[in-house]
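1. Output the structure for:
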Amino acid sequence: MRGLSLVAAMLAASAVAATATAQTERASVSAQTERSPNLRLVSSKPFVVAGTGFRARERVTVSAITVVAPGPRIVRVRASASGSFRARFTLFTQPCAQPYAITARGASGTIAVLPLQASPCVPPPVD
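-> All right, here's what the predicted structure looks like:
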C-alpha cells in the first residue's frame, strides 16, 4: 500500500511539473509573437524614423503630423522579416512645419505613436 502511495505521489508531481512547463512555454511563445510596436527618431535632417515590433512583412502606413500642413505627410513601407522598418519623410524646413507626432499603423492593426518635442513657433499670417 505504501508503494502505491509513493507511485501516486510521483505521478501527481510529474503531472504538476508538466503543466507548469507547458504554461511557461506558452507564455514564452506569446511574449515573442506579441511584441509591442515601437517608433524612434533616427535623424531629423533628413527626417527618418525607425519602427520595430511590427509583424513580419506587414504593410505599415507611417504619418508625420504637423501644425501647418493641410494633412499628415504619409509614407508607406513594408516591415522586414523581423518586423522592423525605416521611413524617410520629405518635410518643409520652416520650424512650424516640423512634426509633433509620428504614427505608424500596420495592416494587421498594430499601432505605434512617437510624440515629438515641437519647437515653439508662430504660424505665418493667413492672407
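2. This protein: helices as residue ranges?
-> Ranges of helices within the chain are 2-33, based on DSSP state H.
3. What distance do you get for the residue nearest the centre of the chain to residue 110?
-> Centroid check for the chain by Cα atoms, centre = their mean gives residue 37 as the closest residue, at 1.0 Å. Relative to residue 110, residue 37 is positioned 5 Å away (Cβ to Cβ, to the nearest Å). Just so you know, the C-beta spots here come from the backbone N, C-alpha and C atoms, and that holds for glycine as well.
4. overlap in contacts of the two?
-> Common contacts of residue 37 and residue 110 (Cβ atoms under 8 Å, 6 or more residues apart in numbering): 53-54.
5. before we move on, back to that, ok, now which ones touch the residue nearest to the centre of the chain?
-> Residue 37 neighbours (Cβ under 8 Å, 6+ apart): 51-54, 104, 106, 110-112.
6. Closest one of the residues you listed to residue 61?
-> When these are compared for distance to residue 61 (Cβ to Cβ), residue 104 comes out closest, at 7.2 Å.
7. what's the average pLDDT for stretch 38-49?
-> Averaging pLDDT along stretch 38-49 yields 93.
8. What are the boundaries of the strands in the chain?
-> 38-44, 47-52, 59-65, 73-78, 85-89, 101-106, 111-115 (DSSP state E).
9. what two of the contacts of residue 37 have the greatest distance between them?
-> 52 and 111 (13.5 Å).
10. neighbour-wise, which of the two wins?
-> Remark: of residue 52 and residue 111, residue 52 carries more neighbours, 17 against 11, as counted by other Cβ atoms under 10 Å.
11. tell me, how many neighbours does the nearest residue to the more buried one once chain neighbours are set aside end up with?
-> Leaving out its chain neighbours, the residue that sits closest to residue 52 by Cβ to Cβ, 6 or more residues apart in numbering is residue 84, at 4.6 Å. Per other Cβ under 10 Å, the neighbour tally for residue 84 reads 14.
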